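Enquirer: Predicted model follows, preceded by the sequence.
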Amino acid sequence: MRSDNLLRRERLLHPLTAVSLALVILAAFVPIFGDRLMMNIAIMAMIYIILGHSWNLLTGLAGMFSITHALFFGLGVYGMSISVAKFHLPIIAGLLVGLLINIVMSAIVGMIGSKLSGLYFVMAQVGLSQTIYTLSIQLFPLTGGVTGLSMPREYLMDKSTLYWIALILAILTTLAFAFIRKSRMGTMFVALKENPDLSLSLGSNVGKWRIMATVMSASMASLAGSFYALFMMSNNPEVFSMVISLKIIIVVIVGGIGSVWGPIVGSSLVVMDELIRGIMPTTMAPFSVIIYALVLIIMAIRHPEGLISIGRSIGLKLEGKSMKKVSISK
Amino acid sequence: MGIDTFINIILNGILIGGVYGLVASAFTFQAGALQIVNFSYGSSTMLAMYLTFFLIKEWNIPIVFAVVILFALFFTIGWIMRRTILNNTNHGTQILTTMAVELVIINLVIIFFTGFPRDMAIFEKRINITDTISVGLTQLICFFLAAAVLVSFHLFLNKTWAGMSIRAVVQKKEIANIMGINSERIMDLAFSISYLIIAIAGIMLMTMFQVEPHFGNYMMTISFLVCVTAGIGNMGGSFLSGIIIGILSALITTLLGAQFHDPVLFGLFVLILLVRPNGLFNSSKRIARQI
Amino acid sequence: MIFMLLQISSLNVTLSGLKILQDVSLHINEGELVVVVGANGAGKSTLLRTITGLNPAESGSIQYMGKEIANQSPTTLPATGLCMVPEGRQLFPEMTAKENLLIGAYHYRKDSKRVANNLKKVYEMFPVLEKNADRIASTFSGGEQQMISIGRGLMSEPKILMIDELSLGLAPMVTEALFKTIKELNRSGISIMLIEQNARQALKIADRAYVMESGRIVMEGSGEELLNDDHVRVAYLGL
Amino acid sequence: MLKKTIGTILSTFLLASTLAGCASSSSSAKDESSSSSSKGSEPFKISMITPLTGNNTFGGNEFKNGAELAIEHLGGEINGRKIEMEFADGPDQNATLSEFERLYNKGSRVFVSGYGSGADRTFATMVDEMQVLYLSLAWDKDLIQGKSDYFYRVGANVVDFSSGAMDQAVSVGEKYLGKDAKDLKVAVVYTSNFEHIVEPFKERAKKLGVKLALVEAYPNDTKDFVPIITKLKNTDYDILVPFQGVTDGTPFQKKMHELKYTPPLTIGAGIYYDTPVFSNLGNDITDGILSQSYVTPFINEEAAKGSKKFREDYKKKYGHDPLTHALQAYGIVNVLAKALESVDPAKWDDTKELAAAVKKLDIDYGELPWYWGVSFDKNNSNTKADKFILGQWNNGSLETVFPDNLKTKDPIIPWEKK
């Protein structure tokens, strides 16, 4: 049995056409209303799309519940900013350094993930990310401590340039995710998620596939991180924070776990967040975090398949089919 | 460094470790026995600390009433959480929803109590064992109180009908049902009781430390550490490994330097997870027996 | 007239799209020992689980002492005297033998005299349990575990004890002894519904018996009648 | 085919609606800004993005209060034109940046930095391009990368502050302990969050030949200080210099008191020891402790005009004594006010002119309530934000003991603890 049957039922329309369509529409808005605020919000949304795909690959496809995903993102940020600000390397080198660190780290996480599962894996990740966070503060001469490092001003890019880079990166990762999901590798990931014991008996090396999934996912997150460093022109230990990890998860959960569309739809939440913050009086600021949290609770309990599934189930009901249940983790 | 100093540091580690053990025991009870992963655990402890502070210090409620109010409140919080957001068995969903609850708690605390650090301003008396060796009185009381709470919780689980039915539900829900035990109600009860332990731990921590809205993070990591060393679900072990963590963290600070505290401790934590995922004291997955 | 304790009529059960029970009707009179035999997967266990409310009934009725109990919450049943000894013993593995027995008395837990009394009775019936009262249940042998499981059932003071696969995975000697115990229990006044794959021994002690095949009752008669029936002999006794 | 179409329509709708939503909100904001710049009599907005949620809520609110009070003291107007503070929440770098863009879009062109100022590095690189005047209080030494016309560091920088603390230690050592820099032994204890503050301190020590007897950096969530204090007890040193924050300063000193341990001499450097919160610990603990800080409101009234008024009104309005944070915010708004005074109100919306006015500012020490003067160097760093005071807790209040012109009392060294 080819287990991509499992996937086919979820598929809304051919992911490649869908993605290019949506992104082109999105891009088309910018020249019309192209002010800085909007581009800024759009860039943040793109970053979360990339991170969302990255998380989706690891958790949605491979079934390894990544709770501290900001770890990979943060390493990408630090790889870029340290190489550029400290060692005056070109941007491309910063990108590669970030990738390299991430590959090492993700191999470790993947190895742990192939040995541990469930709560144990989650706790190991928390331990690892705490260690990295502490080191990022303590290795002050290298990392700049809590205040971080400034990138030289000549690397400052125009907002619209940044926007286009973000757009291209988002499209590329979306395509990559769609491709991986369809490929034999993706099939393997899903098979491992659905039934690790069965896959083991079929002779596939669970550890190898899990490490592979982690490395690929971390590379995507690293890309987002390196870009974020260029966007922010600095680094900061905050990039490892739980809030970012949580936001990544929320974006995918709200959109729809395991689906190509998930992060794209979910990133609308980032946009919403910015808008809500603009409307709310500042004294009410803590309430917006609370609202965020409540959205997460409601989505996780009521609609774990995500917003996209609500839409899809409407579409499917017309054809008289029922939905496939998707769970967050095994 | 003299031997006296060494003994002092170790004693201090043991006493603080006992309280860590108590803090972690409720987490390990929830995760191991009830199969509920509660990431809002740390912030719940923090909330208990803030409430203790405000009930006693700011609103001047007599201590006995304050404790009763706190218990009632936490029992209710536990009950409501279990009935609403933890009414499922998927760990992923539980982690996400409880992390969201953590955000809610932290921000509510900031709104109502401000982010200002609070301290009960209780000055600890030292008891001199010899001229150079001394232990803190508050710490000592807390240590024995923690032990007493754990022992009485153990007795509750083993000697009372409610405790026995909790264990029965945890082990075989369906069979407990056909024996006439309302498993949902019992799970609610068990979870609420674990929140009582959190309340007790909160009171103890408040006498020892100052509290700020992000205090919970620290308690959460400590709980993870303790819980993993003991083996998830092993409550007796959690007290013991709380003490081990207490000693270890004191030793790292003393011998290596404080800057190595976190990396070494967390490195060790990941290592234990990889080498002995069931904890140092658990030979197999015999988890429910030790609760 | 004989009092009909449990009456099931035209019961249908569907689980995840599969029809497990079809139009099942049977009854148990007071003081009777009724055996249901059938091959693996015939729906015997589902029948019991439906009676106790663990599985939903689709249609039909289950009347216990004249009251409809289909789709009732399982937690309400022990108090009415309906008790199941589940398939594969299903003890609480990390509790002691004594605690396992005590759980059976949960519904009258406040009456400590009654609890102690019943516990004594069970210990008399299975002395081995009294000797090892504080041992963890999962460390007992299969036969002893079955004793605990039956004992737990008895602790709830049942009018009907429904036993699922008494002999599953047990040595012949042990099985024999247990069958004897069951017969004795029945004589002491407890109605028993026994579900068995081991048809020969079960039918020997049965007052009445039913044969179940792919979710239907295909035969009914006294234990002796069925033992001598050709179909049963070929299909279940291997003769 | 049907579900394809519905799915596409739905998702496009979602994206479109969110984008349209933000576009409409921003375009309406644009109208506002254009109308405000056309008149000149509209209230002039000064924006501050400061953490009102998250980890740094406390300091963030101090900043907000200080700036609010500054506007109130200015009477809400300068040269006849109304001025208003506009606050936004910046719990982290990313939120700060997007709030910045949002306020910019609504027409804000003048910003003062909030507490922590996590995104000031980002702003330092981009305000020139955006022509936004940014007055920063961030103190990272490499904050400003190259020449800028719009980004000004009005506060002190960390190198001055931290090496200044070493100098203070040495001069106290020479004057009161009779020890040469070469003989002086200093123990330094700090949370690893302050690594960047302590680094120049260590360098300075090396340069002066001061021996660092103990350097202990503990993780920022440390709760149990017994091991560290025990280590201190077993170290031979003359001066203890703790660099601590609000979450670790109190427990540290409290524990020292409980363990009945008094260091030979304590010079708290920076963040926490000068706060009234610290004094809540009780006189037994705080008395005698020296503390270097930025200028505080608790200095000689004659030396810094308005500091007493600030202190008293702040307490009246917010119920507690102001921290140095509040004074920083109060001060930076006042600096901006000085620049505004020198420009015709109608031209305030021309940021370029305003920035030039800021650059030209030359304010002497003591003219402003925060004592510091203002005079920018070629990198737009304020060269007159280099004075730090040394205070000493005396009977529950922090008395300024150094420098001489600001002092309210003479230092008592050595302080005999009861």
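Expert: Yep, that arrived. Numbering: from 1, shown residues only, chains lettered A, B, ... in the order given.
Enquirer: Share the number of residues neighbouring B:L73, please.
Expert: Taking other CB atoms under 10 Å in any protein chain shown as the criterion, the count of residues near B:L73 is 16. C-beta coordinates here come from the backbone N, C-alpha and C atoms, glycine included.
Enquirer: which other residues reach the helix or strand hosting it?
Expert: Assigned by DSSP states H and E, B:L73 belongs to helix B:63-84. For helix B:63-84, the surrounding residues in contact (CB atoms under 8 Å, 6 or more residues apart in numbering or on different chains) are B:36, B:40, B:44, B:48, B:51-52, B:55-56, B:61, B:101, B:187-188, B:191-196, B:198-199, B:202-203.
Enquirer: Out of those, which sit inside helices?
Expert: B:44, B:48, B:51-52, B:101, B:187-188, B:191-196, B:198-199, B:202-203 (DSSP state H).
Enquirer: near chain A, which of these show up?
Expert: B:V101 (CB under 8 Å from any CB of the partner chain).
Enquirer: Going through the ones in helices among the contacts of helix B:63-84, which ones are buried?
Expert: When neighbours are counted using 16 or more other CB atoms under 10 Å in any protein chain shown, the ones in helices among the contacts of helix B:63-84 contain these buried positions: B:44, B:48, B:51-52, B:101, B:187-188, B:191-196, B:198-199, B:202-203.
Enquirer: Now do the same contact list for the residue nearest to the spatial centre of chain D.
Expert: Centroid-nearest residue in chain D: D:H325, 5.1 Å away (criterion: CA atoms, centre = their mean). By CB under 8 Å, 6+ apart, the contact set of D:H325 is D:G59, D:E62, D:F63, D:G66, D:Y115.
Enquirer: ditto for D:E301
Expert: Counting by CB under 8 Å, 6+ apart, D:E301 touches D:S307, D:K308.
Enquirer: how near is it to A:F73?
Expert: Counting by CB to CB, to the nearest Å, the gap from D:E301 to A:F73 is 51 Å.
Enquirer: Show me what the top helix by length along chain C is packed against.
Expert: Ranked by number of residues, the top helix in chain C under DSSP H is helix C:172-187. Contacts defined by 3 or more CB pairs under 8 Å, 6 or more residues apart in numbering or on different chains; DSSP states H and E place helix C:172-187 against strand C:33-38, helix C:142-155, strand C:191-196, helix C:199-205.
Enquirer: Touching the last one from outside, list them.
Expert: Just to be clear, that refers to helix C:199-205. Residues outside helix C:199-205 that contact it (CB under 8 Å, 6+ apart): C:33, C:35, C:37, C:166-167, C:175-176, C:179, C:182-183, C:186, C:194, C:196, C:209, C:223-224, C:226-227, C:232, C:236-237.
Enquirer: May I see the PyMOL selection of the buried members of the residues you listed?
Expert: To isolate the buried ones among the contacts of helix C:199-205 in PyMOL, judged by 16+ other CB under 10 Å, type:
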select buried, chain C and resi 33+35+37+166+167+175+179+182+186+194+196+209+223+226+227+232+236
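Enquirer: got a pLDDT number for the residue lying closest to A:A62 once chain neighbours are set aside?
Expert: Distance criterion CB to CB, 6 or more residues apart in numbering or on different chains; nearest residue to A:A62, sequence neighbours excluded, is A:A213 at 3.7 Å. On the pLDDT scale, A:A213 is placed at 91.
Enquirer: For the helix or strand that contains A:A213, buried residues please.
Expert: Using DSSP H and E, A:A213 sits in helix A:206-232. For helix A:206-232, burial by neighbour count (16+ other CB under 10 Å) applies to A:206, A:209-232.
Enquirer: Break down chain C into its helices, ranges please.
Expert: C:44-51, C:97-104, C:112-125, C:127-131, C:142-155, C:172-187, C:199-205, C:223-227, C:230-235.
Enquirer: Give me the distance between the longest one and the centre of its chain.
Expert: Put plainly, it is helix C:172-187. Computed by CA atoms, centre = their mean, to the nearest Å, the chain-centroid distance of helix C:172-187 equals 13 Å.
Enquirer: got the angle for that helix vs helix C:142-155?
Expert: Helix C:172-187 and helix C:142-155 meet at an angle of 10 degrees, taking axes from the mean of the first three to the mean of the last three CA atoms, to 10 degrees as the criterion.
Enquirer: Residues touching helix C:172-187, excluding its own?
Expert: Counting by CB under 8 Å, 6+ apart, C:31-33, C:125, C:142-143, C:146-147, C:150, C:154, C:161, C:163, C:166-167, C:170, C:192, C:194, C:198, C:201-202, C:204-205 sit against helix C:172-187.
Enquirer: Show the average pLDDT along it.
Expert: The average pLDDT within helix C:172-187 is 90.
Enquirer: Show me what from the stretch 151-300 of chain D comes close to chain A.
Expert: So the stretch 151-300 of chain D meets chain A at D:S192, D:N193, D:F194, D:E195, D:H196, D:E199, D:A217, D:P219, D:N220 (CB under 8 Å from any CB).
Enquirer: any idea which of the residues you listed is closest to chain C?
Expert: D:P219 (38.5 Å; CB to the nearest CB).
Enquirer: need the contact list for that closest one.
Expert: A:T134, B:A258, B:Q259, B:H261, B:D262, D:T191, D:S192.
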